[in-house]
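*Asks:* next come a sequence and a model predicted from it.
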Amino acid sequence: MSSQPVQTHAASALGDAQAALDKTKAQRYIQLMLLVLAAGAIYPILYLRQVYQPTMLEVFHITDSQLGYLYSSLGTIFLLSYLPSGWLADRIAPRLLICFSLIATGLLGLLYSTAPSFHILMLIFGGWGVSTGLTFWAAVIKRVTMIAGSQEQGRFFGLLDGGRGLIEAMLATIAITLFAWVTQTKGEPVAVGFKMVVYLYAFLCIALGVVLALVKDPQGTQDAVANRSARQRSNVLVELKALASIPELWLVAAIVFCGYQVFWATYSFSAYLHEGDIGLTVVMAGTITTLKLWMRPIGGIGGGFLGDRYSKVSVLVIALFLAALSLLGLMAAPRISSHVLLVFLVLFIGILTYAIRGLYWSLLDRCNIPATTMGLAIGLISVLGYSPDVFLPLINGYLTQTFPGVFGYQLYFGYVAVMAALGGFAGLALRNMLNRQEGA
């Protein structure tokens, strides 16, 4: 008898919360759109290698190993930045962090366009690590977590990753068209075409940073109050200890760790397809990998909605195991005589990759993490989950240089396939743990 008022009160509270979410739905989706634009504009300039790797080696006069060092330095800065990035996101308005990140990334891009020496390139990549790691990443993830309702986490993160993928695909299509026009139609050297591509991304980042600085965040005042309150009572070591005691958080970190390596594998598709035994031209290989970017909205948004409708963990597990099998299939590319089949395989891996990326952060909602330490939790998971940024470029550079040609890439894809399968098993473990909790 006494439980009835409690249940009625709980239902009323849930109803009020849902009504509040519905009332701010348009506002929350506008904020999500701004986050999508920011995330879609800032990262492509860092990872032009996925379409222009052979061109970058020529323009910068560097080797595969040196390119690996550049991305390893970027990954190292990311690794060092993730935890303080979460700390910052709990204390500084995300809009300010995001604006700074966009403008700084664009300015470094203008220096990058001058094809500087390798030592300057190392400094540029280090700076990008700060501007897209320390001041950007956790701010965006925390923002999405806070503006999404409990039943919207999958679709909001799916829209974030899929939406930014749509922006990236549009920009990449414009960029490869510009590159082809400059180098093939006008007959300019590839260095000139590459500079135009870098200009496109750099000026866009700067312009978007200025625009976002002028757009007032309607949640800014509330966040500032919450941030001041958090600063007064926070103890980082105590918070880290509390987060470390959450076993689900470690499994999410393992899933991100494995799933992120699948994403890294896609950076090498262009160079792999250009290898002798496959023999596609630079423009053709770049076009195929640009088409792959168009799979991001399909994979990210589709995966997010499927996750909300069925089970985020189950959809993620299926995607990881399918990615492992597909990478094994890609290793047989030299024996695939049909370019149509090869393109289909690359695009399918793209869909799976972006479904994985669109889902793994949505699992945070199931980990019972307090809102005041959400940024720190994101930073902690990122330190572990994105650590492949440090060692994977070195593995890639070592294998492709020690085993020249197709074989080096096959070894690399085989390694990533194993990691994808391990991620699938981590997902199964998380699903079992969550099912036991719900049963209890």
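*Replies:* Good, I have the coordinates. Bear in mind the structure is a predicted one, so any value in this text is a computation, not a measurement. Numbers count the residues shown, from 1 in each chain.

*Asks:* can you give me the helices in the stretch 51-200 of the chain?
*Replies:* Ranges of helices in the stretch 51-200 of the chain, per DSSP state H, counting those that start in this stretch, are 64-89, 94-112, 118-129, 138-147, 153-180, 190-214.

*Asks:* the first one to helix 118-129, inter-axis angle?
*Replies:* With axes from the mean of the first three to the mean of the last three CA atoms, to 10 degrees as the criterion, the two stretches helix 64-89 and helix 118-129 enclose an angle of 30 degrees.

*Asks:* how far does helix 64-89 sit from the chain's center?
*Replies:* A distance of 13 Å separates the centroid of the chain from that of helix 64-89, by CA atoms, centre = their mean, to the nearest Å.

*Asks:* between helix 94-112 and that helix, find me the angle.
*Replies:* Using the same axes, to 10 degrees: helix 64-89 against helix 94-112 is 160 degrees.

*Asks:* so for helix 64-89, mean pLDDT?
*Replies:* For helix 64-89, mean pLDDT rounds to 84.

*Asks:* low-confidence ranges in the protein?
*Replies:* 1-23, 150-151, 153, 215-234, 276-279, 337, 371, 439-440 (pLDDT under 70).

*Asks:* centroid-nearest residue for it?
*Replies:* Nearest residue to the geometric centre of the chain (CA atoms, centre = their mean): Arg357, 6.4 Å.

*Asks:* any idea how far that residue lies from Met295?
*Replies:* 11 Å (CB to CB, to the nearest Å). Placement of C-beta: from N, CA and C, glycine included.

*Asks:* please apply the same query to Leu96.
*Replies:* For Leu96, the distance to Met295 - CB to CB - is 33 Å.

*Asks:* more neighbours, the two?
*Replies:* Legend: neighbour count by other CB atoms under 10 Å for Leu96 and Met295, higher for Met295 (24 against 15).

*Asks:* just checking, the more buried one touches Gly350?
*Replies:* Yes - under the criterion of CB atoms under 8 Å, Met295 is in contact with Gly350, at a separation of 3.5 Å.

*Asks:* list the buried residues for stretch 314-324?
*Replies:* 315-324 (16 or more other CB atoms under 10 Å).

*Asks:* list of residues touching that stretch?
*Replies:* With contact meaning CB atoms under 8 Å, 6 or more residues apart in numbering, stretch 314-324 is reached by 255, 258-259, 262, 303, 306-307, 349, 352-353, 355-356, 359-360, 363, 417-418, 420-421, 423-424, 427-428, 431.

*Asks:* what's the helix or strand for the residue lying closest to Ile356 once chain neighbours are set aside?
*Replies:* Nearest non-adjacent residue to Ile356, counting by CB to CB, 6 or more residues apart in numbering: Gly259, 4.3 Å away. Assigned by DSSP states H and E, Gly259 belongs to helix 247-266.

*Asks:* buried sites along whatever helix or strand comes next after that helix?
*Replies:* Tracing the chain past helix 247-266, the next element assigned as helix or strand by DSSP H and E is helix 269-274. Buried residues in helix 269-274, counted by 16+ other CB under 10 Å: 269-274.

*Asks:* may I have helix 269-274 exported as PDB, CA atoms only?
*Replies:* This file holds the C-alpha atoms of helix 269-274, laid out as PDB (Å, rounded to 0.1, in the frame of the first residue of the first chain):
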ATOM      1  CA  PHE A 269      42.800   2.400 -47.400                       C
ATOM      2  CA  SER A 270      43.900   5.100 -50.000                       C
ATOM      3  CA  ALA A 271      47.600   4.100 -49.800                       C
ATOM      4  CA  TYR A 272      46.700   0.400 -49.800                       C
ATOM      5  CA  LEU A 273      44.500   0.700 -52.900                       C
ATOM      6  CA  HIS A 274      47.300   2.600 -54.600                       C
END
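
*Asks:* just give me how far it sits from the chain centre.
*Replies:* With CA atoms, centre = their mean, you get 21 Å for helix 269-274.

*Asks:* same question, stretch 176-194
*Replies:* 28 Å.

*Asks:* what's in contact with that stretch?
*Replies:* 48, 51-52, 55-56, 58-59, 115, 196-197, 200, 283, 286-287, 290.

*Asks:* any of those buried? List them.
*Replies:* By neighbour count, with 16+ other CB under 10 Å, these hold 48, 51-52, 55-56, 59, 196-197, 200, 286-287, 290 as buried.

*Asks:* list the contacts of Tyr52.
*Replies:* Contacts of Tyr52 (CB under 8 Å, 6+ apart): 179, 194, 197, 270, 286.

*Asks:* quick one: it and Gln184, what's the gap?
*Replies:* 14 Å.

*Asks:* now Met122
*Replies:* Here Met122 is placed at a distance of 32 Å from Gln184 (CB to CB).

*Asks:* for the protein, what's the longest helix?
*Replies:* Under DSSP state H, the helix in the chain containing the largest number of residues is helix 406-439.

*Asks:* count of neighbours near the closest residue in space to Gly68 that isn't next to it in sequence?
*Replies:* In space, and not counting its chain neighbours, Gly68 is closest to Gly397: 2.7 Å by CB to CB, 6+ apart. A total of 22 residues lie near Gly397 under the criterion other CB under 10 Å.

*Asks:* what's the answer for the one 3 residues further on, then?
*Replies:* For Thr400, the tally of surrounding residues (other CB under 10 Å) stands at 24.

*Asks:* ok, now Ala175?
*Replies:* Neighbours of Ala175 under the rule other CB under 10 Å: 26.
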